[in-house]
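Peer 1: when you get a sec, could you give me coordinates for this:
(one chain, ligands or ions: 1)
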Amino acid sequence: MTSGILSGRGKFITLEGGDGSGKSTQSRLLQAFLKEKGADCLLTREPGGAPGADEIRELILTGEPERWDAVGETLLFYAARRNHLRLTIEPALAAGRFVISDRFADSTMAYQGYGNQLGVAAVQKIHDFAIGDFAPDLTFILDLPAEEGLRRTEGRLHNEDRFEKMDLSFHERLREGFLSIARENPARCFVLDASRPVGDIQAEMREQLDQRLFR
Ligand code: TMP
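Peer 2: Residues are numbered from 1 along each chain as shown. Down below sits the predicted model:
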């Protein structure tokens, strides 16, 4: 590893945003960038990313929207997240690696807290109990009008579509949720306009990463 900041604990970077916002593509490009810089970087995603968590992913993301209510779903996301943190993220950070996660806790606040209207206080309580004050070092929020995001997911062939089946107002609420999280956590969160070309978005992310984590 060549990066000066990696003398000790690694850094945790998360990508957040609505369905179809391009997080997965951007995560892979960011991992490639870090590797070019000589940094050891693990790319992971939620829900999933650890034994047990991947099974929970299947439970949550498939089937009809009514399969779980907001409380049950939130508990499942946090059960998965706890394993992800304990078995994958923490060991990698302790070894001095960068970790990029395609979604993390802000997704639960946005989707369940705002989208499903469980409320900020209820989600925060579960968060505090399950993972305490652990937080990413940097969070990129890919912002896109809900309609545009849903349009982009339309052609996708997969069965993990429980949330894509939610109505437009759900997706509009969760978009507002992400923006509100960003306003409340300005030091950690950086919002990007995700309607632009992939390369433009990535360039802005790399610039932010350089400024915030490499200087
Ligand atoms: P993705 O792998 O396409 O991002 O799909 C994950 C889906 O799960 C997506 O629709 C967002 C949703 N989700 C939540 O509702 N809450 C969460 O905490 C997480 C991590 C994901």
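Peer 1: list the buried residues of the lowest-mean-pLDDT helix or strand in the chain.
Peer 2: Across the helices and strands of the chain, the lowest-confidence element by mean pLDDT, DSSP states H and E is helix 146-153, at a mean of 93. Residues of helix 146-153 classed as buried by neighbour count (16 or more other C-beta atoms under 10 Å): 146, 149-150, 152-153. Glycine gets a C-beta too; all of them are placed from N, C-alpha and C.
Peer 1: what of stretch 35-44?
Peer 2: Across stretch 35-44, burial judged by 16+ other C-beta under 10 Å covers 37, 39-44.
Peer 1: wondering if that stretch reaches the ligand at all.
Peer 2: No. Contact between stretch 35-44 and the ligand is absent, the nearest approach being 11.4 Å (criterion: C-beta under 6 Å from any ligand atom).
Peer 1: chain center to that stretch, what's the gap?
Peer 2: Stretch 35-44 has its C-alpha centroid displaced from the chain centroid by 18 Å (C-alpha atoms, centre = their mean, to the nearest Å).
Peer 1: who touches it?
Peer 2: Contacts with stretch 35-44, where a contact means C-beta atoms under 8 Å, 6 or more residues apart in numbering, come from 1-3, 6, 27-28, 31, 34, 84, 88-89, 92, 96-102, 214.
Peer 1: and which of the buried residues of helix 146-153 is nearest residue 18?
Peer 2: Distances from residue 18 to the buried residues of helix 146-153, taken as C-beta to C-beta, are shortest for residue 149 (4.4 Å).
Peer 1: contact partners for that closest one?
Peer 2: Residues in contact with residue 149, defined by C-beta under 8 Å, 6+ apart, are 17-21, 171, 175.
Peer 1: possible to save those as TSV with pLDDT?
Peer 2: As requested, the contacts of residue 149 are arranged in TSV below (pLDDT from 0 to 100):
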residue	pLDDT
17	98
18	96
19	93
20	93
21	95
171	95
175	98
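Peer 1: residue 194 against residue 144, yeah?
Peer 2: Yes. In this structure, residue 194 sits in contact with residue 144. The criterion is C-beta atoms under 8 Å, and the distance is 4.2 Å.
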